[in-house]
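*Asks:* Sequence plus predicted model, see below.
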Amino acid sequence: MQQFGHPALAPVNGPFGFVVIDKPAGLTSHACVSRLRRSYGLKRVGHGGTLDPAVTGVLPIALGPATRLLPYLPGDKTYTGVIQLGRSTSSDDLEGELLEQQAWPSLDEAELDAALEPFRGAIEQRPPQVSAVHVDGERAHARARRG
């Protein structure tokens with residue numbers, strides 16, 4: 001039997017590499033990984049960064065030995081979105097209980113642009129209660145929705 005002196009030269013059995021998906025709203029990043037794990041019959045499957053369940057977006061998923069490459073993926077995320085002015089919910093998203101709704105003032109383009117300026121560029125943000133960050137070993141969105 002031939003021995004391989006370096007793990008990188010060992011034969012690979014089964015699929016390996018990256019699958020890049022457009023994660024739909026409503027699924028967790030972990031659910032996407034689980035589906036691919038079952039589909040390919042693999043034990044080693046991982047994603048390149050958690051996206052909140054309500055968020056759609058590009059989610060790179062590594063299969064098999066490619067999971068070793070995940071730490072080398074660029075980690076920055078860019079968000080684009082649609083806002084609803086005048087609404088306030090218990091979770092800061094559309095799924096929470098509506099706490100307040102106001103008619104929003106008529107704004108011209110320059111006023112709207114000025115109001116949105118603080119939200120452009122790199123922003124150090126405090127994650128909302130309903131997010132994918134871990135709090136005491138549990139996803140914040142699971143804790144918030146449970147109460």
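*Replies:* Here it is on my side, so go on.
*Asks:* So in this structure, where's the weakest helix or strand by average pLDDT?
*Replies:* One helix or strand of the chain scores below all others by mean pLDDT, DSSP states H and E: helix 140-146, with a mean of 75.
*Asks:* Point to the residue nearest the middle of this structure.
*Replies:* Most central in the chain under C-alpha atoms, centre = their mean is residue 51, positioned 0.7 Å from the mean C-alpha point.
*Asks:* Give me the neighbour count for residue 72.
*Replies:* Residue neighbour count, defined by other C-beta atoms under 10 Å, stands at 8 for residue 72. From N, CA and C alone the C-beta is placed, and that goes for glycine too.
*Asks:* ok, now how distant is it from residue 98?
*Replies:* 43 Å (C-beta to C-beta, to the nearest Å).
*Asks:* Contacts for the least confident helix or strand of the chain, please.
*Replies:* For helix 140-146, contacts defined as C-beta atoms under 8 Å, 6 or more residues apart in numbering pick out 52, 53, 91, 127, 128, 129, 130, 131, 132, 133, 134, 135.
*Asks:* Which positions in it come out as buried?
*Replies:* Residues of helix 140-146 classed as buried: 140, 141, 144 (neighbour count, 16 or more other C-beta atoms under 10 Å).
*Asks:* Stretch 90-102 now?
*Replies:* Using 16+ other C-beta under 10 Å as the test for burial, stretch 90-102 gives 91, 93, 96.
*Asks:* okay, the residues you listed in CSV with distance to residue 115, secondary structure and pLDDT next?
*Replies:* Formatted as CSV, those follow (distance: C-beta to C-beta, whole Å; DSSP: H, G, I helix; E, B strand; the rest coil; pLDDT from 0 to 100):
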residue, distance to residue 115, secondary structure, pLDDT
91, 23, coil, 78
93, 20, coil, 78
96, 23, coil, 82
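*Asks:* ok, residue 99 to residue 50 distance?
*Replies:* Separation of residue 99 from residue 50 (C-beta to C-beta): 27 Å.
*Asks:* What of residue 74?
*Replies:* 15 Å.
*Asks:* Comparing those two, which residue is more hemmed in?
*Replies:* residue 50 (17 against 8).
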